[in-house]
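*Asks:* Return a 3D structure for these sequence lines:
(one chain, ligands or ions: 1)
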Amino acid sequence: MSDCLFCKIIAGEIPSAKVYEDDICFAFRDINPQAPTHILVVPKAHTANILDASDLPDATLAGLLRAIGKIAKAEGLDKGFRVISNCGPDACQSVNHLHFHILGGTQMSEKMA
Ligand code: DGP
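*Replies:* Sure thing, here's the model as predicted:
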């Protein structure tokens with residue numbers, strides 16, 4: 001989508017700190033990190049959020065989860081990490097391109113919201 005921030009990052013039109021890329025997804029460091037490790041994993045195909053996940057092939061959805069695991073291992077998050085996908089206004093989704101936050105590198109709170 002031409003006016004989507006994450007589509008522009010995937011296309012290299014906006015610079016990012018890339019940590020991983022394959023045929024299905026692209027991952028880069030969040031510009032406003034909320035943990036020592038804070039990475040965004042996004043499908044290369046545009047869809048708004050989990051509510052529209054049926055727009056994507058099953059292989060893409062599976063590939064995203066596999067990529068998250070690979071990235072967490074490569075980042076050394078062996079003591080644990082959290083994966084969040086904000087969906088819609090109540091969850092404060094600010095970029096309408098499906099993405100998963102990987103947060104780690106610290107002991108996180110038991111409280112999730
Ligand atoms: P969300 O609130 O779940 O939609 O998360 C969007 C995230 O995207 C937020 O944590 C900040 C991040 N972000 C916004 N603009 C940029 C950018 O230009 N570059 C990078 N690396 N991250 C961005």
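
*Asks:* Against which helices or strands is the lengthiest helix in the chain packed?
*Replies:* Ranked by number of residues, the top helix in the chain under DSSP state H is helix 58-74. Using 3 or more Cβ pairs under 8 Å, 6 or more residues apart in numbering; DSSP states H and E, the elements in contact with helix 58-74 are strand 18-21, strand 25-29, strand 37-43, strand 100-104. C-beta here means a position set from N, CA and C on the backbone, and glycine is covered the same way.

*Asks:* continuing past it, what's the next helix or strand?
*Replies:* Downstream of helix 58-74, the next assigned helix or strand under DSSP states H and E is strand 81-84.

*Asks:* Direction included, what does that following strand pair against?
*Replies:* Here strand 81-84 is paired, per DSSP bridges, with strand 100-104 (antiparallel).

*Asks:* how many degrees apart are the strand it pairs with and strand 25-29 in direction?
*Replies:* With axes from the mean of the first three to the mean of the last three Cα atoms, to 10 degrees applied, the angle from strand 100-104 to strand 25-29 works out at 40 degrees.
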